[in-house]
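Asks: Structure for this input, please:
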Amino acid sequence: MSKLIYINASPRGDQSAAVQAGQVFLDALPASVEVQQIDLFDRDLPEVTLEITSAKQKAFINAELTDAESEQWRAIVELVDEFKSADSYLFAMPMWNFTVPYRFKQYIDLITHPGLTFTRDENGPRGLASGVATVIYSRGGDYAPKDGKPDPFDFQSPYFNAWCTLVGLGPVNEVLVQRTMAGPDVVGQAIEAATAQLQELAAAVG
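Replies: Next comes the predicted model:
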């Protein structure tokens, strides 16, 4: 049995186009796949504090932590261990102001640390997590590449892919659900257009 972690970065529940598309993926998973869902807007994520930033620096050089630093750093390590426990990943990722929602940015700031999710050697950074990642990008407009060039307003995909490379996730499969501001009929059509891709990607998990 393999484990998939489903990270939902939308606060909109079933009204979210990314979540609706994510359900298509989940419904097509082999029965042997265990799914753990993390809803970032419902999760009580730690705030980044002086103690956490200090603990990060001390942990990197194996210096002794204070009691307060140890307690707060322990919560960070637990988040990292949870994240790294998966064999594959699904992300429901709406576009907010051309990039990722702030709760997802907070999440990756909490789990992305040298020695925990990546390391460096003479060849550069190397991720300490692993697994195929499928990301569903829901977007109010059309931010797909045009004429073979990235859309100049799409900071979502490059940022997410750079982070996945850093922590070791890959390959990254992108599923686009676009023009969601055009109304429910267009959303339905976008999800329908992505269904075959979602089902094929889900069937390959395991």
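Asks: tell me how far the ends of stretch 5-20 are from each other?
Replies: 17 Å (Cα to Cα, to the nearest Å).
Asks: Name the residues that touch it?
Replies: Applying Cβ atoms under 8 Å, 6 or more residues apart in numbering, the contact partners of stretch 5-20 are 22, 26, 35-41, 82-83, 85-86, 88-94, 100-101, 103-104, 107, 136-138, 177, 180, 187, 190-191. Every C-beta, even on glycine, is put in place using the N, C-alpha and C of the backbone.
Asks: Could you give me the buried positions within that stretch?
Replies: For stretch 5-20, a neighbour-count test (16 or more other Cβ atoms under 10 Å) marks 5-10, 16-20 as buried.
Asks: One more: stretch 120-127?
Replies: Per 16+ other Cβ under 10 Å, stretch 120-127 contains these buried residues: G127.
Asks: again with stretch 174-182
Replies: Quick answer for stretch 174-182 (16+ other Cβ under 10 Å): 174-180.
Asks: same question, stretch 104-121
Replies: In stretch 104-121, counting by 16+ other Cβ under 10 Å, buried: 104-108, 110-113, 116-118.
Asks: Please state the offset of that stretch from the chain centre?
Replies: 12 Å (Cα atoms, centre = their mean, to the nearest Å).
Asks: Give me the phi and psi for D44.
Replies: phi -80, psi 80 (degrees, to the nearest 10).
Asks: can you check Q72 too?
Replies: Torsion angles, degrees, to the nearest 10, at Q72: phi -70, psi -30.
Asks: and it, what does it touch?
Replies: Taking Cβ under 8 Å, 6+ apart, one finds 46, 49, 51-52, 55 in contact with Q72.
Asks: any idea how far V167 is from the closest residue to F60 other than its chain neighbours?
Replies: What sits nearest to F60 in space, not counting adjacent residues and going by Cβ to Cβ, 6 or more residues apart in numbering, is P114, at 5.7 Å. For P114, the distance to V167 equals 11 Å [Cβ to Cβ, to the nearest Å].
Asks: just to revisit the earlier point, pick out whichever of the buried residues of stretch 5-20 sits closest to L128.
Replies: I5 (15.4 Å; Cβ to Cβ).
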